[in-house]
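S.K.: I would like to see how this sequence folds:
(3 chains)
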Amino acid sequence: MEPSREEKIWQVVFAIPPGCVASYGQVADMAGLGRQARLVGRVLSQLPDGHALPWHRVLRSNGQIAFPEGSERHLQQVALLQAEGIDAGGGRVAMSQYRWQP
DNA sequence: ATCATGACGCCCG
DNA sequence: CCGGGCGCCATGA
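M.R.: Below you'll find the model as predicted:
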């Protein structure tokens, strides 16, 4: 039984180290799923309870947080990023500075 | 089967 | 910066 696409995505996200970020597209690519960034977003939106995935380290390709500014999710994500020393001011992160590249 | 929606991405004007 | 279009995939009506 080979890992499902979901499991591959989980594994990639889980591997993103603290203080670093990755884009949905990057995750999809690293999971061997090509340009299925959308699938990554869907999977992260339906994570089971009790997961330990650093979902907050996944952003849009331009460094923007995927949630509408002001929403609860958005605020939480900014807080989690700041807690790792990532400047997420304006709901935006400088990818060139924090991008994760193994 | 079709249509719309969604934590996306890239290209063009 | 702001729209509009197209590609991609899973879900649900």
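
S.K.: identify the residue of chain A closest to DNA strand C, quick one.
M.R.: Nearest residue of chain A to DNA strand C: residue A:38, at 3.8 Å (C-beta to the nearest atom of the strand). Heads up, the C-betas are built off the backbone N, CA and C, glycines and all.

S.K.: shouldn't that residue be within a helix?
M.R.: Yes. Looking at residue A:38 with DSSP: H, G, I helix; E, B strand; the rest coil, it is inside a helix.

S.K.: for it, give me its contacts.
M.R.: residue A:24 (C-beta atoms under 8 Å, 6 or more residues apart in numbering).

S.K.: for chain A, which residues are neighbours of DNA strand B?
M.R.: Contacts of chain A with DNA strand B, taken as C-beta under 7 Å from any atom of the strand, map to A:23-26, A:35, A:37-42, A:44-45, A:47, A:55-56, A:58, A:60-62, A:66-67.

S.K.: out of the residues you listed, which sit inside strands?
M.R.: Among these, the ones falling in strands (DSSP state E) are A:23, A:58.
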